[in-house]
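Peer 1: What follows is a protein structure lacking sequence information:
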């Protein structure tokens, strides 16, 4: 196939292939050819900055184009909002309902429900009467983002009372919000209401229910729903099948996936790139990388081409098939191969190199990124911080965290706290703990557990207890108590443990059977269940039993 046999500079792959098995060489060569082909595709140009005329119709078309051009990053929604403000302010043109609705929908899709509500409120303030589409966007904001279902139902009622009959899109949007909140029974009730109102559901109506079943492991119910759709004359869409295929791949039911693909033409649906990418990901994760690569030929024979997501799945498969070293070498010579590698590709390989404990290779790839104009993201920085800590280069890891390009998050701090703690640097640990508060980064249960463990190892039990009490204020009682209990037992502080359990009793916290077992095991391991300390152990256990 010409798509897979384009010449690539194989001498550049010598490092990658020299130590690889024959099968792995084949994977590397196939991947290199696919990467080059994808990079050769022209990049679509962004929409023009403004329309040819100030008419609302032209503005609305341009708003839609900007929103569609960058629907995930959010900048398209910002540009659409700017155009709306331009109409209302500079041009003194009255946007129509379609303009307001387009911008509100773009902001909602960018997960900015507050901004979407502000646009719809501005629409009302300007005296523009909302249509059914605008009301449906409002239902989506309330149901899918804010989970204010009472407000969503009120909008639906208002539509019915004002001659704007809710259509299949309105009801499907409400069902999607209910399903995302786990209220599947209520969503099924809305489905019944649709049928009573004579509104015929379509695949968009059923797919959220299918997704809710699949994400909760109810595969059998999902299959029954699929059969019910077909029996009712509602043809499932490719998206519907993709939801089911994702669930089947997670459970390793690849034979059932094959049956679905083989029957696709007779069932009236066409697998798309997402279908095959999902299937490839499942196969690669289960160690069947050869079958994952074989799916590329099936895609091509159906007129489909791999996208960046597919490419990264295959790259991860290359890493899983033998080692990440060959994939690292591919990245290093990506420019010569004609492959425009992305930060996601680098993160994938660096993560796999971490799994193989090749910390220096991770740092090498990190230093290679700026040379190719690839900007690291927070995931990249966290991988590198982890690698530097594993190499014992804590100073460099701290310097990297404090660089202007890096916005540290709770994962960064937890990584540094863990390794500083293992190095016995409790003062630095506590400084980082307080620095998180100054930076506005919330502690999680891992942060508290790490800090408490460190302080107890350094015999700083008073500070550790203070840290534990703070964790209770943040609502982390069940997950953090084991750290302080274990630290007090190992440190021989049974009196403090007895006092702590008494305080817990007074505050009304509940200790479950698992915590009870953990305390007994820790006491026995540290030799307290025999000899003169046994009476203290009995007092502690009696106090714990009084909490049950």
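Peer 2: That came through fine. The shown structure was predicted, so the numbers you read here are calculated from the model rather than taken from an experiment. Numbers count the residues shown, from 1 in each chain.
Peer 1: okay, and for the stretch 401-548 of the chain, where does confidence drop off?
Peer 2: Within the stretch 401-548 of the chain, the stretches with pLDDT under 70 are 477-478, 505, 508, 510-516, 518, 526-537, 539-540, 543-548.
Peer 1: Swap in 80 and give it another go.
Peer 2: Across the stretch 401-548 of the chain, the ranges flagged by pLDDT under 80 are 476-479, 494-495, 497-498, 501-502, 504-548.
Peer 1: What segments of it are strands?
Peer 2: For the stretch 401-548 of the chain, applying DSSP state E, counting those that start in this stretch gives no strands.
Peer 1: what's the answer for the stretch 151-300 of the chain, then?
Peer 2: Using DSSP E, counting those that start in this stretch, strands in the stretch 151-300 of the chain do not occur.
Peer 1: which residues of it score low on pLDDT?
Peer 2: Within the stretch 151-300 of the chain, no range satisfies pLDDT under 80.
Peer 1: where do the helices sit along the stretch 1-150 of the chain?
Peer 2: Using DSSP state H, counting those that start in this stretch, the helices of the stretch 1-150 of the chain run over 14-17, 22-39, 56-69, 75-88, 97-109, 113-125, 132-140, 149-161.
Peer 1: If we go by neighbour counts, what in stretch 168-180 is buried?
Peer 2: 169, 170, 171, 172, 173, 174, 175, 176, 177, 178, 179, 180 (16 or more other Cβ atoms under 10 Å). Heads up, the C-betas are built off the backbone N, CA and C, glycines and all.
Peer 1: still on that earlier bit, out of the helices of the stretch 1-150 of the chain, which is closest to residue 240?
Peer 2: Proximity to residue 240 (Cβ to Cβ) singles out helix 132-140 among the helices of the stretch 1-150 of the chain, at 19.4 Å.
Peer 1: Tell me the helices and strands packed up against the closest one.
Peer 2: Here helix 132-140 touches helix 97-109, helix 113-125, helix 149-161, helix 168-180, going by 3 or more Cβ pairs under 8 Å, 6 or more residues apart in numbering; DSSP states H and E.
Peer 1: can we see that at 6 Å?
Peer 2: Identification of packing neighbours for helix 132-140 by 3 or more Cβ pairs under 6 Å, 6 or more residues apart in numbering; DSSP states H and E yields helix 97-109, helix 149-161, helix 168-180.
Peer 1: Let me have those helices in CSV, extended by distance to residue 351.
Peer 2: Formatted as CSV, these follow (distance: least, Cβ to Cβ, whole Å):
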stretch, distance to residue 351
helix 97-109, 29
helix 149-161, 39
helix 168-180, 28
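Peer 1: between the ones you listed, which gets nearest to residue 334?
Peer 2: Using Cβ to Cβ, those put helix 97-109 closest to residue 334, at 32.1 Å.
Peer 1: neighbouring contacts of that closest one?
Peer 2: 56, 59-60, 63-64, 67, 71, 77, 80-81, 84, 115-116, 119-120, 123, 128, 131, 133-134, 137, 140-141 (Cβ atoms under 6 Å, 6 or more residues apart in numbering).
Peer 1: next one: stretch 365-385
Peer 2: Stretch 365-385 is contacted from outside by 343, 346, 347, 350, 397, 406, 411, 412, 415, using Cβ under 6 Å, 6+ apart.
Peer 1: Tell me the buried residues within those.
Peer 2: Buried members of the contacts of stretch 365-385, counted by 16+ other Cβ under 10 Å: 346, 347, 350, 397, 406, 411, 412, 415.
Peer 1: For the stretch 251-400 of the chain, which segments count as helices?
Peer 2: Using DSSP H, counting those that start in this stretch, helices in the stretch 251-400 of the chain cover 254-262, 264-267, 273-285, 289-301, 308-321, 324-332, 334-337, 343-355, 359-368, 378-390, 394-401.
Peer 1: Thanks again, I'm all set now.
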